[in-house]
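Student: Quick check, what structure comes out for this input:
(chains A, B, C and D)
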Protein chains: 2
Amino acid sequence: MVAEDLFKALADPTRRIILDELTEKSGQTLFEICGRLSMKHQLTISRQGVSQHLAVLDAAGLVESRREGRYKYHDLNTAPLRQIAERWPAPEPPGPEESTP
Amino acid sequence: MVAEDLFKALADPTRRIILDELTEKSGQTLFEICGRLSMKHQLTISRQGVSQHLAVLDAAGLVESRREGRYKYHDLNTAPLRQIAERWPAPEPPGPEESTP
DNA sequence: TTGATAGGCAAGTGATGACTTGCCTATGCT
DNA sequence: AGCATAGGCAAGTCATCACTTGCCTATCAA
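Tutor: Below you'll find the predicted structure:
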C-alpha cells in the first residue's frame, strides 16, 4: 500500500514547498533545493534535513532521482497524486436543479 | 492557509478510512462510523478517538456536519481535494513530440 | 595526491499527534 | 421524572517524526 507513503509525504509543509520548487524547475540537485528553501522561503534547515525530506518524497514516488557523476538530480512526478482524486471522486458533475431539496 | 489542515487530515490512515466510509454512505452519525470502523475494518478505537478524527476532518473542510435533534450527521465534501491537483498539475497533457529536446 | 564539492549514514533530541479514560451536557422515550 | 442514547470537553500517555550533529564515501579539478 503506497497510499501511506504518499499522504505521509504530503503531510509536511517543507516537503510541499520542495514539490513546489520542483514544479517550477525539475531536475534540481540537493544543494540547489537547499538554496531555494533558504533564499525564497527563509527556511533555515540543514542539508541533511532536506535530504531526508527527499527520501520521503522518493518513497512516495513523488520524486525520482537520477545520478550523474557526483550530482544527483531530482525530478518531480505528479502521477501518484492521481489516486487521491480517484479514491474520493467528486459526487455529481453539475446537477441541473437544486441537488438537496 | 487551509492546506496545512487538509494535508494533516489526510495523513492519518484511520481518517482516510472514515472518508472512504462517508464516500460509501454520506450523512452518518458518530456511532454509525464507529460501528463501521470496528465491523468492516477491525479498528478498535474509542468513540472519542473517532470524534477527534472527525474534528480534524471538519477543520480541513473534508467533512461537514449538521445537527438534527440529538443526532449529528457527517457529510463528505471532496471539494478541498481539488487544490492538490491544482497545486502540482500534470506536466504535459500528451505531447506529440519529445517535450524536452 | 590534495583539496573542494556533492552526497550518505547513524544516533540523539524535542515536539507534534493519536488515543484513552473520566466526567459532563443534551435530546428523546416510557 | 427517570433512564438510555448521542455527543462533547479535558487532561494525560506513548509513539512517531522532523531536525541536528558528527563522521564517512565518491567524484572532479588543480
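Student: going forward, measure contacts between C-alpha atoms and count neighbours the same way
Tutor: Will do.
Student: residues in contact with the residue nearest the centre of chain A?
Tutor: Nearest to the geometric centre of chain A sits A:Leu19, at 3.8 Å (C-alpha atoms, centre = their mean). Taking C-alpha atoms under 8 Å, 6 or more residues apart in numbering or on different chains, we find A:Leu19 in contact with A:Leu76, B:Trp88.
Student: gap between it and DNA strand C?
Tutor: The gap separating A:Leu19 from DNA strand C is 16 Å, by C-alpha to the nearest atom of the strand, to the nearest Å.
Student: Can you give me the pLDDT of that residue?
Tutor: Among the per-residue scores, A:Leu19 shows a pLDDT of 98.
Student: Name the residues of the strand or helix carrying it that are buried.
Tutor: The secondary structure element spanning A:Leu19 is helix A:13-24 (assigned by DSSP states H and E). Of the residues in helix A:13-24, A:Thr14, A:Arg15, A:Arg16, A:Ile17, A:Ile18, A:Leu19, A:Glu21, A:Leu22, A:Thr23 count as buried by neighbour count, 16 or more other C-alpha atoms under 10 Å in any protein chain shown.
Student: Find the nearest non-adjacent residue to the fourth one, please.
Tutor: Counting by C-alpha to C-alpha, 6 or more residues apart in numbering or on different chains, the nearest residue to A:Ile17 once its immediate chain neighbours are dropped is A:Leu37, at 7.9 Å.
Student: The strand or helix carrying the one you found near DNA strand C anywhere?
Tutor: Using DSSP H and E, A:Leu37 falls within helix A:30-41. Yes. Looking at helix A:30-41 against DNA strand C by C-alpha under 7 Å from any atom of the strand, the contacts come from A:Leu30, A:Phe31, A:Glu32.
Student: Now the buried members of these.
Tutor: A:Leu30.
Student: Dump the residues of helix A:30-41 next to DNA strand C to a markdown table, plus distance to A:Gln52 and pLDDT.
Tutor: Converted to a markdown table, those look like this (distance: C-alpha to C-alpha, whole Å; pLDDT from 0 to 100):
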| residue | distance to A:Gln52 | pLDDT |
| --- | --- | --- |
| A:Leu30 | 10 | 98 |
| A:Phe31 | 13 | 97 |
| A:Glu32 | 15 | 97 |
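Student: Tell me the one of the residues of helix A:30-41 next to DNA strand C nearest B:Ser51?
Tutor: Top of the list for closeness to B:Ser51, among these and by C-alpha to C-alpha, is A:Leu30 at 41.1 Å.
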